[in-house]
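>>> return atomic coordinates for the entry below.
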Amino acid sequence: MLDNQSAEDWKMCEADQQKEFIQTFDKFAKELMEAQESFKTNIVLEQLNDKQRQGIREGRTQDINLILDYAHIFGQW
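Sure, this is the predicted structure:
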């Protein structure tokens, strides 16, 4: 719909509609910037390595080294 509008059509918009559009668009732009900033500050969690993933798949619950690895990772999360 907006693609079909010419520059002349936009000039015909009343002042209060222009103001409302600009305010709404500014609010949207601000919310978009805030969302982008939240992505930058998200915590990146350490991933399990292949040995740890394999230990989970095989159910090696008695392997003390894997248990300590898991405890370390979970402590960081």
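
>>> domains in the chain, as residue ranges please.
Domain assignment for the chain by automatic domain parsing gives 7-42, 43-77.

>>> residues touching residue 56, list them.
residue 48 (CB atoms under 8 Å, 6 or more residues apart in numbering). In this view, the C-beta of every residue, glycine as well, is placed from N, C-alpha and C.

>>> and with 10 Å instead?
Going by CB atoms under 10 Å, 6 or more residues apart in numbering, residue 56 touches 48, 66, 70.

>>> state the distance from it to residue 71.
Look at residue 56 and residue 71: by CB to CB, to the nearest Å, they are 14 Å apart.

>>> again with residue 49
Taking CB to CB, one finds residue 49 at 15 Å from residue 71.

>>> now swap in residue 8 and tell me
For residue 8, the distance to residue 71 - CB to CB - is 68 Å.

>>> who has more neighbours, these two?
Set side by side, residue 8 and residue 71 show more neighbours around residue 71, with 10 against 7, by other CB atoms under 10 Å.

>>> where exactly do the helices run in this protein?
7-11, 15-40, 50-58, 64-76 (DSSP state H).

>>> with mean pLDDT added, can I get those helices in TSV?
Converted to TSV, the helices of the chain look like this (pLDDT from 0 to 100):
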stretch	mean pLDDT
helix 7-11	70
helix 15-40	82
helix 50-58	81
helix 64-76	77
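
>>> quick one: distance of stretch 23-32 to the chain centre.
Taking CA atoms, centre = their mean, to the nearest Å, one finds the center of stretch 23-32 at 18 Å from the center of the full chain.
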